[in-house]
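Novice: sequence? don't have it. structure:
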């Protein structure tokens with residue numbers, strides 16, 4: 001096990017958990033969205049606005065493939081990464097996948113707290129946001145549930161990382 005891929009819905013804590021997990025393991029941390037930004041010279045919203053989702057998903061798949069040869073790395077994927085271009089197969093074939101799963105309430109609260117950097121949800125009321133997340137998450141669960149390990153995010157970051165470390169010892 002040289003690569004751990006964190007998957008889950010936006011707001012599930014993939015980047016925050018990934019940084020802490022990498023620190024504890026002494027591994028490198030990579031945020032797939034940051035790789036895309038660095039390679040393209042554009043923010044994620046700019047890529048969507050200028051070129052559309054299809055181009056973004058191609059860039060995302062390319063960034064994902066670039067991690068396959070890396071070792072001792074924790075990779076935080078974007079929320080949609082496992083759901084497009086057979087990326088879930090790439091993830092599961094090339095590393096340990098961990099689904100950060102939480103309650104709708106936890107996800108809604110986290111996204112609302114960070115809505116200024118998430119244009120897709122910035123203008124939604126709390127009820128609209130909840131409905132959007134419920135529908136969107138339901139469509140993605142089939143992909144997320146293919147992960148090797150599922151961890152509950154309805155706890156502190158430290159507890160999430162402790163749970164991951166305990167579970168990966170068993171694998």
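Specialist: Perfect, thanks for sending it. Please read all numbers here as calculations on a predicted model, not as lab measurements.
Novice: end-to-end on stretch 145-160?
Specialist: Stretch 145-160 has an end-to-end distance of 18 Å (C-alpha to C-alpha, to the nearest Å).
Novice: where do the strands sit along this protein?
Specialist: In the chain, the strands defined using DSSP state E lie at 3-7, 28-31, 73-76, 96-101, 149-152.
Novice: can I get these in CSV with mean neighbour count, mean pLDDT and distance to residue 111?
Specialist: To be clear about C-beta, it is placed using only N, CA and C from the backbone, and glycine gets the same treatment. Below are these laid out as CSV (neighbours: other C-beta atoms under 10 Å; pLDDT from 0 to 100; distance: least, C-beta to C-beta, whole Å):
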stretch, mean neighbour count, mean pLDDT, distance to residue 111
strand 3-7, 26, 98, 17
strand 28-31, 18, 98, 17
strand 73-76, 25, 98, 16
strand 96-101, 23, 98, 14
strand 149-152, 17, 97, 18
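Novice: output those strands in TSV, with distance to residue 38 appended to each entry.
Specialist: Below are the strands of the chain laid out as TSV (distance: least, C-beta to C-beta, whole Å):
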stretch	distance to residue 38
strand 3-7	19
strand 28-31	10
strand 73-76	14
strand 96-101	23
strand 149-152	28
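Novice: nearest to residue 45, of those?
Specialist: strand 28-31 (15.8 Å; C-beta to C-beta).
Novice: what helices or strands is the closest one leaning on?
Specialist: helix 14-25, strand 73-76 (3 or more C-beta pairs under 8 Å, 6 or more residues apart in numbering; DSSP states H and E).
Novice: switch the cut-off to 10 Å
Specialist: If you count contacts as 3 or more C-beta pairs under 10 Å, 6 or more residues apart in numbering; DSSP states H and E, strand 28-31 packs onto strand 3-7, helix 14-25, strand 73-76.
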